[in-house]
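*Asks:* Sequence and predicted structure are below.
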Amino acid sequence: MAHRSDINAIRNIGIMAHIDAGKTTTTERILYYSGVSHRIGNVDDGNTQMDWMAQEQERGITITSAATRCFWKDHVINIIDTPGHVDFTVEVERCLRVLDGGVVVFCAVAGVQPQSETVWRQADRYRVPRIAFVNKMDRTGADFRNCVEQIRSRLRAHAVPVQIPMGVEAAFRGVIDLVEMKAMVFDRDVLGSEFTESDIPAEYAEAAAKAREDMLDAVAEFDDRVLDKFLAGEDVTPADARSALRAATVHHQVVPVLCGTAFRNKGVQQLLDAVNHFLPSPADLPPVKGIEPYKSNGVEVALERSSSADEPFSAMAFKIMNDPFVGQLTFIRTYSGTLKVGETLLNTSQDKKERVNRLVRIHANKREELKEVHAGDIVGVVGTKSTVTGNTLCDPKHPILLETMKFPAPVVDVAIEAEGEGETDKLFASLRRLALEDPSFKITVDGETGQNIVSGMGELHLEIIVDRLMREFGVSTRVGKPQVAYRETVTRPAQAVARYIKQTGGHGQYAHVEFKIEPLPRGGGLVFEDATVGGAVPREYVPAIERGVREAAQSGVLARYHVVDVKVTLTDGSHHEVDSSDMAFKVAGSMGFKDAVARARPIILEPIMALEVNVPSEYLGDVLGNLGSSRARVVRVEAVGPLHVVGAEVPLGETFGYVTSLRSLSQGRGVHSMEFLHYAPAPSEVVNSVIGEGRSI
């Protein structure tokens, strides 16, 4: 068993995939075979260890990322099982930020699905090395080769099989290991914990030889011994092949592909071997980079920390959870140094000290007390009060600020209020605690109606929030219908002048600003630039002007939605030596921005979703007809076994209640998934409706 400080034997991995591809089932088998659990939990039975929330067990889906730890052949494997539903993609985002490697699970029938693409792009962004596991090889319509080709074509990844299947669908009985060139047949009677290793059967010999040659060709350049032997036509040893595969995987050049069926207990031990062989330890990765948090003379100083106990302590908080027994539990990934119970840390993101009251090893919703943790560990900290997701925690004597995380903006709003009298304060407190846990969940108060507005990533996301308010916090609520989070933007440049002048008998108020506003590309956000010259507006007032602009952008001129994708340039202005103030320039900035937007031909933007529907062929016509009536643009239709897969782009406002419609159209046999794609100009009928409603939620 690996000692906890043996960093070369640590693997920090995430299990990621599209919903229902088998992530949690795979994780449950890993825990069983590694000896962490003595029974196999099943999603359908609602008794898995990783899906411990009541909402997860009832719906059969993963909602929150769950951490655990196991040992496999002298290696420590820290595992985070992540959600597959797009409404909870923020859980994947924050986990990938701190993981060293990933196992991406694909369904052998459906192949690369929309959320598979989303998590793959997230892993690309954080440069996380991956291996792929093609699951459900026993299902009707399973096609290993097609799944590998989809990984290559849709994800643009260099997928390299290190196994090929023996049999398919109901005849799937084992795999051929292309590294060892051995056949492995699983024994059904002992839950797959035993398998027979033998020579490759004659009917698979030619295919295995060709697949091994392709594998070695893909990785030869990463190991001189393999390259020399490969070019000379000599045999490459399994150890040499593994070394080359590992180097290529760690350097993001290849993605080893394995196969099996987790539900039928086949191929999971080989997947664990691949995690040890091919994915990196913390020591294999470059030092984590950061900056000096307290700039000297305004100069940004780059810093880094290596994965070593000899370095000063540094860690990132990647998840906050409200634990009913210990209060706020902060999940951290330690990058360097050692941390002991009772020590004080510096939160450089907040510039506050935090005391470590307890350290715990996390296994789903269970806790194991620790006295100290080391570089490479993923653990929970009790005692932090100010820390939120993305904050850096470090040795106060050696401060460093690590790069934080970015989270998607919510796209669905609902109005919410407490059902019982006198529970409003309790509702607000509960919502604040939930928002602390989930950075993609926002709370606002409508300035005109006074309603409490909660915003999330989808209907299911907000449904879970409301359910948790009732079960965990005992707050009954009344909730309005879901509303689309529209945006406003401008379509042409414009200029505006704003003067704020008040005389009240002593000191008055004076501010004068001139703006130029112009549109930015989609996703450009709001950019503010000061282009004044000659001290027309003193520098000390410019931040106040920018605050006024950004506050005004929270409520547009058409329907009071956020104004996005605009550049605001402060071109001129004037001030008064006595009467000018921050407040005056902030008010003038707000007035000038709204005037400029009104002159720049503003429009409404609506969120567009990428929709994928899997439906039996006999219902395809009805599904396409329904999409045609929903302003959807069908982008692809393809046959996958007995199903047809329809890909479409559809406005979010047309998707509310789609699950019920699809169930009716397909007699309950169709399934769908959605993810946010982009914002696009709304048609006139939608604009008129939105403006007419005045955003009354």
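*Replies:* Received it, and whenever you're ready, just let me know what you need. Numbers count the residues shown, from 1 in each chain.

*Asks:* what's the pLDDT at E58?
*Replies:* Note on E58: pLDDT of 49.

*Asks:* and what of G84?
*Replies:* 55.

*Asks:* the strands in the stretch 151-300 of the chain, which residues?
*Replies:* Ranges of strands in the stretch 151-300 of the chain, per DSSP state E, counting those that start in this stretch, are 159-161, 163-166, 174-177, 182-186, 195-198, 255-259, 288-291.

*Asks:* which one of those is the most hemmed in?
*Replies:* Scoring the strands of the stretch 151-300 of the chain by mean neighbour count under mean count of other CB atoms under 10 Å gives strand 255-259 as the most buried, with a mean of 26. To be clear about C-beta, it is placed using only N, CA and C from the backbone, and glycine gets the same treatment.

*Asks:* and for that strand, what are the contacting residues?
*Replies:* Outside of strand 255-259, the residues within contact range by CB atoms under 8 Å, 6 or more residues apart in numbering are 108, 130-135, 137, 144, 148, 151, 157-165, 175, 245, 249, 267, 270-271, 274, 278.

*Asks:* which of the residues in the host helix or strand of D467 are buried?
*Replies:* For D467, the element it lies in under DSSP states H and E is helix 459-473. Within helix 459-473, the residues scored as buried using 16 or more other CB atoms under 10 Å are 459-466, 468-469, 473.

*Asks:* Can you lay out the strands of the stretch 151-300 of the chain as TSV showing mean pLDDT and distance to K586?
*Replies:* Output for the strands of the stretch 151-300 of the chain, formatted as TSV (pLDDT from 0 to 100; distance: least, CB to CB, whole Å):
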stretch	mean pLDDT	distance to K586
strand 159-161	96	54
strand 163-166	95	63
strand 174-177	95	66
strand 182-186	91	69
strand 195-198	88	70
strand 255-259	97	52
strand 288-291	92	30
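
*Asks:* quick revisit: among the contacts of strand 255-259, which are located in helices?
*Replies:* 144, 148, 151, 245, 249, 270-271, 274, 278 (DSSP state H).

*Asks:* do you know how far the nearest residue to V615 once chain neighbours are set aside is from L620?
*Replies:* Excluding its sequence neighbours, the residue lying closest to V615 (CB to CB, 6 or more residues apart in numbering) is G670, at 3.9 Å. According to CB to CB, to the nearest Å, G670 stands 10 Å off from L620.

*Asks:* Who does A648 form a beta bridge with?
*Replies:* L611, V634 (DSSP bridges).

*Asks:* So it is in contact with G628, correct?
*Replies:* No: contact between A648 and G628 fails when scored by CB atoms under 8 Å: they sit 9.6 Å apart.

*Asks:* what do these two both touch?
*Replies:* With CB under 8 Å, 6+ apart as the test, A648 and G628 both reach V634.

*Asks:* Those two: who's more crowded?
*Replies:* Set side by side, A648 and G628 show more neighbours around A648, with 22 against 12, by other CB atoms under 10 Å.

*Asks:* Let me see the contact set for the more buried one.
*Replies:* Counting by CB under 8 Å, 6+ apart, the residues that A648 touches are 610-613, 627, 632-635.

*Asks:* between those, which is nearest E403?
*Replies:* A610 (27.9 Å; CB to CB).

*Asks:* I figured E292 hits P399, correct?
*Replies:* Yes: the pair E292 and P399 passes the contact test of CB under 8 Å, sitting 7.1 Å apart.

*Asks:* Please identify which of those two sits among more neighbours.
*Replies:* P399 (20 against 15).

*Asks:* In stretch 669-680, which residues are buried?
*Replies:* For stretch 669-680, a neighbour-count test (16+ other CB under 10 Å) marks 670-676, 679 as buried.

*Asks:* will you turn these into CSV that also has distance to H576, pLDDT and secondary structure?
*Replies:* What follows is the buried residues of stretch 669-680, written out as CSV (distance: CB to CB, whole Å; pLDDT from 0 to 100; DSSP: H, G, I helix; E, B strand; the rest coil):
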residue, distance to H576, pLDDT, secondary structure
G670, 67, 78, coil
V671, 65, 74, strand
H672, 61, 78, strand
S673, 59, 76, strand
M674, 54, 77, strand
E675, 52, 78, strand
F676, 47, 82, strand
Y679, 41, 92, strand
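
*Asks:* between those, which is nearest F222?
*Replies:* Once CB to CB is applied, the member of the buried residues of stretch 669-680 that ends up nearest F222 is E675, at 34.1 Å.

*Asks:* Is that closest one in contact with S116, as I believe?
*Replies:* No: taking contacts as CB under 8 Å, E675 lies outside contact range of S116: 10.7 Å.

*Asks:* What lies in contact with stretch 639-646?
*Replies:* When contacts are defined by CB under 8 Å, 6+ apart, stretch 639-646 is touched by residues 109-111, 140-141, 143, 611-617, 620, 623-624, 627, 634, 636-638.

*Asks:* picking up where we left off before, which one, of the strands of the stretch 151-300 of the chain, ends up nearest to I501?
*Replies:* strand 288-291 (42.9 Å).

*Asks:* Just checking: what are the partner strands of the closest one?
*Replies:* Using DSSP bridges, strand 288-291 pairs in its sheet with strand 302-305 (antiparallel), strand 401-402 (antiparallel).

*Asks:* Determine which stretch of those strands is the most buried.
*Replies:* strand 401-402 (a mean of 23).

*Asks:* distance between that strand and the chain's centre?
*Replies:* Centroid separation for strand 401-402 versus its chain: 20 Å, with CA atoms, centre = their mean, to the nearest Å.

*Asks:* any idea of the mean pLDDT in that strand?
*Replies:* Average pLDDT, strand 401-402: 92.

*Asks:* In terms of secondary structure, what does the next helix or strand after it contact?
*Replies:* Using DSSP H and E, the next helix or strand after strand 401-402 towards the C-terminus is strand 412-418. Contacts defined by 3 or more CB pairs under 8 Å, 6 or more residues apart in numbering; DSSP states H and E place strand 412-418 against helix 424-437, strand 452-456, helix 459-473, strand 477-479, strand 483-484.
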